[in-house]
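A.B. asks: Quick one, fold the following:
(chains A, B, C, D, E and F)
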There are 6 protein chains.
Amino acid sequence: MSNTTRADGRTPDQLRTITIEPGWSPQAEGSALISYGNTRVLCTASFTPGVPRWLTGKGKGWVTAEYAMLPRATNSRNDREAVRGKVGGRTHEISRLIGRSLRAVIDTKALGENTIVIDCDVLQADGGTRTAAITGAYVALAQAIEWARERKHIAAKAQPLTDSVAAVSVGIIDGVPMLDLAYVEDVRAETDMNVVLTGDGRFVEVQGTAEGAPFDRDELNALLDLAVGASADLKEFQFTALEGGTR
Amino acid sequence: MSNTTRADGRTPDQLRTITIEPGWSPQAEGSALISYGNTRVLCTASFTPGVPRWLTGKGKGWVTAEYAMLPRATNSRNDREAVRGKVGGRTHEISRLIGRSLRAVIDTKALGENTIVIDCDVLQADGGTRTAAITGAYVALAQAIEWARERKHIAAKAQPLTDSVAAVSVGIIDGVPMLDLAYVEDVRAETDMNVVLTGDGRFVEVQGTAEGAPFDRDELNALLDLAVGASADLKEFQFTALEGGTR
Amino acid sequence: MSNTTRADGRTPDQLRTITIEPGWSPQAEGSALISYGNTRVLCTASFTPGVPRWLTGKGKGWVTAEYAMLPRATNSRNDREAVRGKVGGRTHEISRLIGRSLRAVIDTKALGENTIVIDCDVLQADGGTRTAAITGAYVALAQAIEWARERKHIAAKAQPLTDSVAAVSVGIIDGVPMLDLAYVEDVRAETDMNVVLTGDGRFVEVQGTAEGAPFDRDELNALLDLAVGASADLKEFQFTALEGGTR
Amino acid sequence: MSNTTRADGRTPDQLRTITIEPGWSPQAEGSALISYGNTRVLCTASFTPGVPRWLTGKGKGWVTAEYAMLPRATNSRNDREAVRGKVGGRTHEISRLIGRSLRAVIDTKALGENTIVIDCDVLQADGGTRTAAITGAYVALAQAIEWARERKHIAAKAQPLTDSVAAVSVGIIDGVPMLDLAYVEDVRAETDMNVVLTGDGRFVEVQGTAEGAPFDRDELNALLDLAVGASADLKEFQFTALEGGTR
Amino acid sequence: MSNTTRADGRTPDQLRTITIEPGWSPQAEGSALISYGNTRVLCTASFTPGVPRWLTGKGKGWVTAEYAMLPRATNSRNDREAVRGKVGGRTHEISRLIGRSLRAVIDTKALGENTIVIDCDVLQADGGTRTAAITGAYVALAQAIEWARERKHIAAKAQPLTDSVAAVSVGIIDGVPMLDLAYVEDVRAETDMNVVLTGDGRFVEVQGTAEGAPFDRDELNALLDLAVGASADLKEFQFTALEGGTR
Amino acid sequence: MSNTTRADGRTPDQLRTITIEPGWSPQAEGSALISYGNTRVLCTASFTPGVPRWLTGKGKGWVTAEYAMLPRATNSRNDREAVRGKVGGRTHEISRLIGRSLRAVIDTKALGENTIVIDCDVLQADGGTRTAAITGAYVALAQAIEWARERKHIAAKAQPLTDSVAAVSVGIIDGVPMLDLAYVEDVRAETDMNVVLTGDGRFVEVQGTAEGAPFDRDELNALLDLAVGASADLKEFQFTALEGGTR
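C.D. replies: Coordinates of the predicted model:
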C-alpha cells in the first residue's frame, strides 16, 4: 500500500476514529450514536408488532430505513426537506440503500410479522454519512431484536439476523486508493465507491462511480481490497458496542 | 410553596437538571446541546451576510428559527414531516414562537444586514421541548454574534443582543402550580403555560392554556410567579455555558 | 382608564361595534357572520355523527376548527394557500387556537360520538380576526348542538356546552393599554395579547407577546383587566344572537 | 316555451332572483356580492401596476381569475383544498373559464401594463356557481378599472372593457330545456350547458355536456336560445349595480 | 366550403392523416397509439375488478381517464408535473373531459363492478391532443371490454358500450371555419372548439371558446357542421383499428 | 459460459434484441426510441443555451436527466407521480444515475455554457429500463450536440463527448451469471448489478446488490466479465443508429 500521508495523518488504508455509543436514545427499542471521525449519525430502531398491509398474513416481517440530515450538519446550512415539502433524490437514494443493506442480513420469517423502522439522522457530516449510518443502523437493529426477544414478540430461538452488516467508503485520490474518505477527500476523489459488507467480508452492495475519468478493472479491484480489509474492524466495533450496550 | 413531591422527586418550584454543552456542532457559527432532564435539543445558529429580499436596504438584520423533532424523539415513532410533505401546525407554531422570542432581544439595526437562522432539533422529548429550545437557542445565537464580531461582519462595538432570553413551562397539576413539567406531568396538567422571560424576569411571551377547566386570576398569578422565580437560574446556566463555550 | 382618543374615536376600554348575524349560511348546522368593526368572519359549524378513527369507541365527541382568510380580505392581495399548496404557519396556529378554545367549553362525553367542525373564513380583515372568529364560532357551535338535539343525535338532557367562550385582543400603544385593536393599532402595539374568556371572565387562553420591549407584571395586569372587563359584553352579544337566531 | 312548473315555481325560461351588492369589500379595488337564488359568490378585483414577467415590456395588461368554494358552502362539508395541499381539477377548470371569459371583453393594450386578479369565492352553493361568478366578476372588474382610471393608472380615454360579459347555465330536464338551474335541477339534467355571453347576446364560451344520452342539434339550439334570451337581463343587473355602486 | 388552402395543403374540411395502431402496449388490457398528423398519443386501458369505495355495492362500474404530456412532446421542453409536485389546470381539465366523454357511451350497469382507467400520454404534440386522445381512448376502452368479456369479468351478453365516441377540433381562422387544427392554426384561431361526438354525429361535449372577438350563431353553426361532417370518418378509423386489432 | 437456456431462449451471455430508432421525436434536438427486448424507452434531448444560475460564468455546460415510467408501462397500473404529488425514491435514484453516467463522458468546458436535459420515458417495462435508458440517452445526447454544432451554439472543433457510454444489467440466477435480465429473470436474481460502461469497456458506474445472500468476489468478477463483454456490441448499436440517424 502507498505511504502517502492524508490531511488528517492517516495512511491510505486506515479508518478514521470510529466510536459507537449504544442506547443513546433510551426511549427507542434500539439506538446508537456513531462517529466516523467528525461524521456523527444518530440511529434509532423502532419496533412495532404487525406489518404493512401489503405484507399481512405472509408470516414475514419488514425492516425499512429513513435517512436525513439536520440542516446545519454541513458547513453551510441546507433548507429542511420538510419545509421544501419534499424528500430530495439523494435522501431517497440513501434511505433505500440503508434499508436494502439491513434486509440483506434479516431472515424475515424469523422476524415474524413485526416491523422495525431504522432512522438515521446525521447530526454532523464530514463524508461517509451513508456508510456510518449503515454501520450504526446494524447496532440499533440488533438491539431492537434483542428487546423484542426479551418481550417475546420474537420467539426465543428465532435468529432474525443472519449476519452483521457494515459499510465503508473507498476512493481514488491522485491515483491512490484510499479508505474511509473524509469530506475534503471525497470532493477530490476521481472514483468513489461505497461498499456494504457482511462481517466475513462478502458483498451486500457495491456502488462505484467515476467522478472524473472512467475506472478500470485494476482500480476497481484495489478499491474492493481496501473495503474488504476493513470489514473485520467494522464488525469488531459493532460487537463491542453491542456487548457493552444497555437499553 | 407546596410540599408536594413529584414523580422525579422534585419540589413544585424546582427545575429539572439543566445542562448546556456549548459548541456541540463545530461546523456551525454557534451551537448548544441543551438538556432539561431527559429532553435534549440540539440548537445551531447559522450566520450569513445579507438579508431576505423584503428587508434589503433597510440597514436591519434578521433572526429566524426552525424547530423540528426527530421521528423517534418520543415514546412511539412519528412520521417525518419531510415524508408527509408538509410541516405540521404544532411545528410551525413552535418555530414561530422561538423566532419571536429571540427577536425580542435583538437590536436588528445593531445586527446590520445579516441573517441568523437558528435550528432547534429535538433529539429526545420528555416535555418542555419548546422552552428548552428557546433557552438553548439563545446560547447558539450569542455564540454566532460573537463569531461574527470576531470576523468583523458586525462592528466591534455593536450590541445586537439587548438582553438574554430563556423559557420555562409551568402548569397546575391536581391544583398545585408546578415548574418545568416533564411529559408525564404535562399530560395531566389542568392548565399549561409557557413563559418566555428576559434575564431580569420581564415577559417576552406568555402562553397559557386551560387544558381542563378555565383558570382564574389567582392561578394565573401563581404560575407567573413560578416562572419569574426561575428566570435568574436559567440566565445563570446560559452565562456559564457562554463563558466556558468554545467554538 | 385613560382619556386618550383613538383613531376611530373610541375610548381605550371600548369595543368596536360588534354585530352577529346568526344562521347566515342556511345549509350549515350552525353559522354566524360576525363583525368586530370592519373585521368580518363567516363561521359555520358542520355536525356529523361519528368521530375520527383514533377516538372511536370511547364515547366521546370531537370539536375542531379551521381558520382561513380570503385572498383579498386584506389591503393587498395574498396568494391562496391552496395555490401555494400548503397551509401557512399563522393559519395553522390560529386554527389550533380556535379549536382549543371551543374544546375548553365542551363536555365531550355529553356530546357523544359526534364531530363538529367549525370553519372560520375571514371575509374582511381589520385586526382581531382570530378573536372575532372565536366569538362567532361559539355561536355557530351552540346552534349546531341545538340542531343535533332537535334531531336526537344528542340526548335531550345532555349539556355538551359547559359555558360560553369569547375572545378579544388587547395591547399597549404609546404606553396606554387598549381594548380590541383595529389593524392600524395592532401594527403599532408594543405588546399584543389575545385573551379567550368564558362568560364569567375566567381564562381559557392568554397569549401575550412583546412586539417591542419586554413587558412587566403591571402592564400584563392592566391588559388582563381590560379583557376581563369586556367579557360580559361579548357574552351578551352571543346570547342575543342565539336567542334571535334562526337556522 | 313549455308551461312546466319548476320546484321553486319558476317557468322554464325564468332566471332565479338575481341580486348584486357592489362594493361589498371596501378594501378591494372592485367587489360585488352576487346571488343567483341561494347561490352567493363574493367577487373581488385586485388591481396592481405591472404585469407578470413573461408579459413585461409588451405594453399589455393581464386579467386572471381564481375561483374557490368555502368548505361549508355546500350541503355537506368538503375538505379545504389548502389542507389537501392541492387545487382540485374542478376548481382549476372553473378558474380558467372565468379568466378566459373576462379576457374576452378586455382590450389588454388599453389596460396598459397593469394586472387585475379577480377572486370569486363561493359563500353558498346552490347550482350555477361558475355562472354567477362570471356575472359578478364583471362588476368587480369594471369597478377596478374605474378605480384605476380615477387614480390615472389608466389613461382617461382608454377603454379596456370592450363589452360586458355574463353567464348562465341551461339544461334539459325530463326533456324540457330550462334556464338557470338550481342544484336539485342540475343533478337531474340530461344535458347541462354553461353559456358565457356578451351584452348583445354573442358567445364567449359554450360548454355543453351530455350527462346522460348524447344530445342532438335541436336540443343544442333550444338551450342556446334560452341562454341568449337571458343575456339582456343579466346585462341589466350588472349595469344597475355599477351605476349604484360605491367603492 | 371555402377553397382556402392550408399550410399543410389540406382543404378547410379535411382531417389530417389519422392512423391508429391498436395493441401498441401488449401488457395493457387495451391500447392504441393514435396519430392526428404529427400529434401522437399513446392510450392504454387498465381493467381491474372492483370499483372505488364510494361506488361499492351499487352494481355499477367506473371509467376514468388521465391525460399527460411528455416534457418534450412540444417545441420547447416543459417541466414535468411530477417534479413541480402538482397536476396543472390544463391537464386536470383535459383528463376530466376525456373521462366524461367515455362515460357518455358506457352503460355502467352492464360494465358491472369493474373499473377501467384510460391513460392518454401525449408523445408528440401538434395541436388537437385532447381530441386525438378521446378518439384513441375509445379504441383502448373497447379492447379492454373485449378482453374482460373473454375472461368472463363481464357477462358474455353485456353491452357496456352504448355507442362509439370520437372527437375533433374546429376553429375559425381568418374568417374561415376549419377542421382539425394543427398547432400553427390553433394559435391563430379566433374561435376554437372541441367537439366530442358519437358515431352517428350527436353531441357528447361541445366546448367553444372565443379567443379573440365573441362569435355569433352562424359561426357556431358552421363549426358544428364541420365537426359533425367528420364524425363518420372518425368512427371508421376506430372500427378498422378494432377489427384488425390484436391484444 | 454456461449452456443454460433462458425463458426466451437466450444463452446466459446473450443480449436481448436491441433496436434504436434515432430521431423518433422530430421536435427535440435529439431523440431515440430504444428497445431492449420488450422494454421500450423514449429518450429525448433538449438543448438550451445558458446554464443554471449556480453555474453561470464558469464557462461550463450542464447535462442532466429525468427518468419516468408511464403508468401502464408495467403489468399492472401504477399511480402517476404527478397525481401523487411527488417523485418517488426509485425514480429519483434512476434519474440521478442516468445524469451521472452521461456527465462521465461530457467535457463540460467543450460544451460551453449550454444545457442539455435528457428525458427518458419508459413506454413499456420488461426489466432493464435504466440500462436501456442510458444507452438510448447517449444517442439522443450525441444528436443534440451535433444539432448544436450545426447551429454554431458549440464551436465546430469542440468535442464535448469524450467517449460513448452504455449500460446493461447482469445478475445471478440459480447460481448462473446472466446478461441483460428480463423482468421475470430480474425478480428471481440472487444478485443484481447494473453496469455503465464506456465504449472501450471501462467502468462509469457499478451498482451491485445482493437480493438474497451476499455475493463473493468470484461472483462479482463473473458479473463484471459479462457486462464488459457486452460493451462492444452496445457501442455498435449506438454508432449504427447515429450514422443512420436523421433529425
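A.B. asks: Quick check: phi and psi at A:Gly37.
C.D. replies: With angles defined as degrees, to the nearest 10, A:Gly37 sits at phi 60, psi -130.
A.B. asks: list the contacts for the nearest residue to it once chain neighbours are set aside?
C.D. replies: Closest residue to A:Gly37 apart from its sequence neighbours, by Cβ to Cβ, 6 or more residues apart in numbering or on different chains: A:Arg16 at 3.4 Å. C-beta here means a position set from N, CA and C on the backbone, and glycine is covered the same way. Contacts for A:Arg16 (Cβ atoms under 8 Å, 6 or more residues apart in numbering or on different chains) come out as A:Asp8, A:Arg10, A:Tyr36, A:Gly37, A:Thr39, A:Gly128, A:Asp180, A:Ala182.
A.B. asks: Quick one: name the residues of chain A near chain F.
C.D. replies: A:86-90, A:92-93, A:95-96, A:100, A:104, A:163, A:193, A:197-198, A:202-210, A:214-217, A:220, A:224, A:228 (Cβ under 8 Å from any Cβ of the partner chain).
A.B. asks: Among the residues you listed, which lie within helices?
C.D. replies: Secondary structure assignment by DSSP state H places A:Gly89, A:Arg90, A:His92, A:Glu93, A:Ser95, A:Arg96, A:Arg100, A:Arg217, A:Leu220, A:Leu224, A:Val228 of the residues of chain A next to chain F in helices.
A.B. asks: Now a PyMOL select for only the buried ones of these.
C.D. replies: In PyMOL syntax, the buried subset of those is picked out as below (16 or more other Cβ atoms under 10 Å in any protein chain shown):
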select buried, chain A and resi 89+92+93+95+96+100+220+224+228
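A.B. asks: circling back: and what about the residue nearest to A:Gly37, helix, strand or coil?
C.D. replies: Of the three states, A:Arg16 takes coil under DSSP: H, G, I helix; E, B strand; the rest coil.
A.B. asks: How about the one 3 residues further on?
C.D. replies: State at A:Thr19, reduced to three classes by three-state DSSP: strand.
A.B. asks: Next, format the ones in helices among the residues of chain A next to chain F as a markdown table and append pLDDT.
C.D. replies: Formatted as a markdown table, these follow (pLDDT from 0 to 100):
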| residue | pLDDT |
| --- | --- |
| A:Gly89 | 86 |
| A:Arg90 | 91 |
| A:His92 | 91 |
| A:Glu93 | 91 |
| A:Ser95 | 96 |
| A:Arg96 | 94 |
| A:Arg100 | 94 |
| A:Arg217 | 95 |
| A:Leu220 | 96 |
| A:Leu224 | 97 |
| A:Val228 | 96 |
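A.B. asks: Need the ones in helices among the residues of chain A next to chain F in JSON lines (columns: distance to E:Lys109).
C.D. replies: Shown next, in JSON lines, are those (distance: Cβ to Cβ, whole Å):
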{"residue": "A:Gly89", "distance to E:Lys109": "46"}
{"residue": "A:Arg90", "distance to E:Lys109": "51"}
{"residue": "A:His92", "distance to E:Lys109": "44"}
{"residue": "A:Glu93", "distance to E:Lys109": "48"}
{"residue": "A:Ser95", "distance to E:Lys109": "46"}
{"residue": "A:Arg96", "distance to E:Lys109": "45"}
{"residue": "A:Arg100", "distance to E:Lys109": "47"}
{"residue": "A:Arg217", "distance to E:Lys109": "66"}
{"residue": "A:Leu220", "distance to E:Lys109": "64"}
{"residue": "A:Leu224", "distance to E:Lys109": "64"}
{"residue": "A:Val228", "distance to E:Lys109": "66"}
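A.B. asks: got the residue ranges for the strands in chain A?
C.D. replies: For chain A, the strands defined by DSSP state E cover A:18-22, A:30-36, A:39-49, A:62-69, A:114-124, A:165-173, A:176-179, A:191-198, A:203-210.
A.B. asks: In CSV: the ones you listed, plus mean pLDDT and mean neighbour count.
C.D. replies: Shown next, in CSV, are those (pLDDT from 0 to 100; neighbours: other Cβ atoms under 10 Å in any protein chain shown):
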stretch, mean pLDDT, mean neighbour count
strand A:18-22, 97, 20
strand A:30-36, 97, 27
strand A:39-49, 97, 24
strand A:62-69, 97, 23
strand A:114-124, 98, 23
strand A:165-173, 97, 27
strand A:176-179, 96, 22
strand A:191-198, 96, 25
strand A:203-210, 96, 24
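A.B. asks: between those, which gets nearest to C:Gln238?
C.D. replies: In terms of Cβ to Cβ, the element of these nearest to C:Gln238 is strand A:39-49, at 46.3 Å.
A.B. asks: so that closest one versus strand A:62-69, what angle?
C.D. replies: 150 degrees (axes from the mean of the first three to the mean of the last three Cα atoms, to 10 degrees).
A.B. asks: The residues of chain A next to chain F also near chain C: which ones?
C.D. replies: Applying Cβ under 8 Å from any Cβ to those, none is adjacent to chain C.
A.B. asks: returning to what we had before: show me which of the ones in helices among the residues of chain A next to chain F is closest to E:Asp233.
C.D. replies: Closest approach between these and E:Asp233, by Cβ to Cβ: A:Gly89, at 47.3 Å.
A.B. asks: From chain B, how far out is that closest one?
C.D. replies: Here the distance between A:Gly89 and chain B works out to 13 Å (Cβ to the nearest Cβ, to the nearest Å).
A.B. asks: In TSV, list the ones in helices among the residues of chain A next to chain F along with distance to chain D.
C.D. replies: Supplementary listing: those in TSV, determined by distance: Cβ to the nearest Cβ, whole Å:
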residue	distance to chain D
A:Gly89	21
A:Arg90	23
A:His92	19
A:Glu93	24
A:Ser95	22
A:Arg96	24
A:Arg100	30
A:Arg217	50
A:Leu220	45
A:Leu224	46
A:Val228	47
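A.B. asks: what's near enough to touch the residue in chain A that chain C sits nearest to?
C.D. replies: Taking Cβ to the nearest Cβ, chain C has its nearest neighbour within chain A at A:Gly85, 6.4 Å off. By Cβ under 8 Å, 6+ apart, A:Gly85 lies in contact with B:Gly85, B:Lys86, C:Gly85, C:Lys86, E:Gly85.
A.B. asks: same check, this time on A:Ala28
C.D. replies: Residues in contact with A:Ala28 (Cβ under 8 Å, 6+ apart) are A:Thr44, A:Ala45, A:Ser46, A:Ala140, A:Ala144, B:Arg72.
A.B. asks: which one is A:Ser95 nearest to, not counting chain neighbours?
C.D. replies: Nearest one to A:Ser95, counting by Cβ to Cβ, 6+ apart, is A:Tyr67 at 4.5 Å.
A.B. asks: you'd agree that neighbour is up against A:Ile98?
C.D. replies: Yes: using Cβ atoms under 8 Å, A:Tyr67 is in contact with A:Ile98, at 5.8 Å.
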